[in-house]
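Q: For reference, the sequence and a predicted model appear below.
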Amino acid sequence: MKVAESLFCAACLAGVLLMLSGCLVTRGTSETWRIEKTDLEQSGPGALYARPCRWQNRKVALDDGTRKATGIFPGMKSESPILGSYEWCESPSETVLLNGDSEDIVVMSVYGSRPSATSSVYGGTQDGTRLYFSYPGNDVIKNNIAALGKVAVMHDAPYRRYRLFYPAVVFKGQYAFKDVDVSGNSIEMDQVRYYERLQAVKASASRLLSHDVLGTKAGKAVAAADRLLAALPDLQESALQRVEKYVDDLRAESERLEEEARRAEEARRLAIARRKAAEDGWRNEDDLRGFALRESPTVWQVVQQLRAEVKARKESIAQLRADLRLFGKDPEIDPDCLKLGSDVDALLDSLAGIFTNLENAYIAAKKFEAAPSRKDYQDTMKRALEDGIQSATMATERYKAMMQKK
């Protein structure tokens, strides 16, 4: 009985207080824990494929903005009841009540998850953690964490640090990371420098793999570099130096061969130009012809004979090439057709030699005319004419030999 009386008194007291205060207002509020995720402005290993974020547990008070007033004149509008309730909405809000534990997490995307070309090359940190020199891919990172507990990847130069990946402690099922600085003379940096030297050696040797002469040797150098990479973190300095010296020698040999090929190509182009000039018209040929007819008419006769022979042979070769194609043969690889073309080139080379000697003799003669007292100019002219006569004689003999083979 006393309990019932107490409850009745309490209800009456509440009613009296409500009437005295006007109305009672209730708010739509609650509290919750949630994870706040913030992207970190950090570059480094895997930043494109494993986005670095900071996760933090936070206790938050949420206010959805709903309001309800109960009592006397609960609303301000004219239609509001004298006694009852009134509902309205305000702007929702939230307030952080407590910051909990936080952890740096990597969110690994599907893109870039496959192993990279360098995923099989790694060294080790000072405490024995497997250390990659470039990001090997999300799948490799996950597999290493599952098998080894943690794995590290070096930052790109010039930073002297590595990023350690491991299972998250606070947020189970996620992957956490932290960056670890190392000194310039650390075990990690020694391996980085060694690795970069090997990569440079491989790159230099790989550029020679398709070389006609040095390709096999370059392949051996690449294989040797791969063996040293596979032996990491063992640093075989003397072996690396030998490979570097070997590749340096290959590169020097390649440059020498390229220079020889360049000179040979230049000589070939020059020979083609000289043959064309000898056949179609040498520079200042009218002056050279008049000089030759005065000083050595025989030389000019040889010039005319060689040009006539070249013309006849080229016409015969053109007909032969057409006949070969008619029967399905390739004149570019037919040995007899190639030999005939070489014979024509030899005639033109002889003709170019005659013109060169005529040029030298003509220039010496002009110098002698300008300075008659210079006997050396006259001697030079005579020697050049003699060389021209000798070239003409040899060309004539070659011409006769070709005629006999017809």
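A: The structure has been received and is ready for your questions.
Q: for this protein, what's the longest helix?
A: helix 237-280 (DSSP state H).
Q: what is the mean pLDDT for it?
A: What helix 237-280 shows for mean pLDDT is 96.
Q: for that helix, packing partners?
A: helix 187-206, helix 215-230, helix 335-370 (3 or more C-beta pairs under 8 Å, 6 or more residues apart in numbering; DSSP states H and E). The way it works is simple: take the backbone N, C-alpha and C, and place the C-beta from them, glycine included.
Q: Redo these as a markdown table? Include mean neighbour count and distance to residue 144.
A: As requested, the helices and strands packed on helix 237-280 are exported to a markdown table (neighbours: other C-beta atoms under 10 Å; distance: least, C-beta to C-beta, whole Å):
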| stretch | mean neighbour count | distance to residue 144 |
| --- | --- | --- |
| helix 187-206 | 18 | 17 |
| helix 215-230 | 17 | 17 |
| helix 335-370 | 18 | 62 |
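Q: Redo the ones you listed as a markdown table? Include distance to residue 28 and mean pLDDT.
A: Shown next, in a markdown table, are the helices and strands packed on helix 237-280 (distance: least, C-beta to C-beta, whole Å; pLDDT from 0 to 100):
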| stretch | distance to residue 28 | mean pLDDT |
| --- | --- | --- |
| helix 187-206 | 56 | 96 |
| helix 215-230 | 64 | 96 |
| helix 335-370 | 98 | 87 |
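Q: what phi and what psi does the backbone show at residue 290?
A: Phi and psi for residue 290, reported as degrees, to the nearest 10, are phi -60, psi -40.
Q: what residue ranges in this protein score low on pLDDT?
A: 1-23, 72-84, 111-113, 373, 375, 377, 388, 395-406 (pLDDT under 70).
Q: what's the domain layout of it?
A: Per automatic domain parsing, the structural domains of the chain span 2-108, 281-405.
Q: Out of these, the one nearest residue 244 is which?
A: Taking C-beta to C-beta, domain 2-108 is the member of the domains of the chain nearest to residue 244, at 27.3 Å.
Q: Buried ones in whichever strand or helix holds residue 140, by neighbour count?
A: Here residue 140 is covered by helix 138-148, with elements defined by DSSP states H and E. Within helix 138-148, the residues that count as buried by 16 or more other C-beta atoms under 10 Å are 138, 140-142, 144-145.
Q: Looking at those, spot the one nearest residue 356.
A: Looking at the buried residues of helix 138-148 and their distance to residue 356, the nearest is residue 140, at 68.8 Å (C-beta to C-beta).
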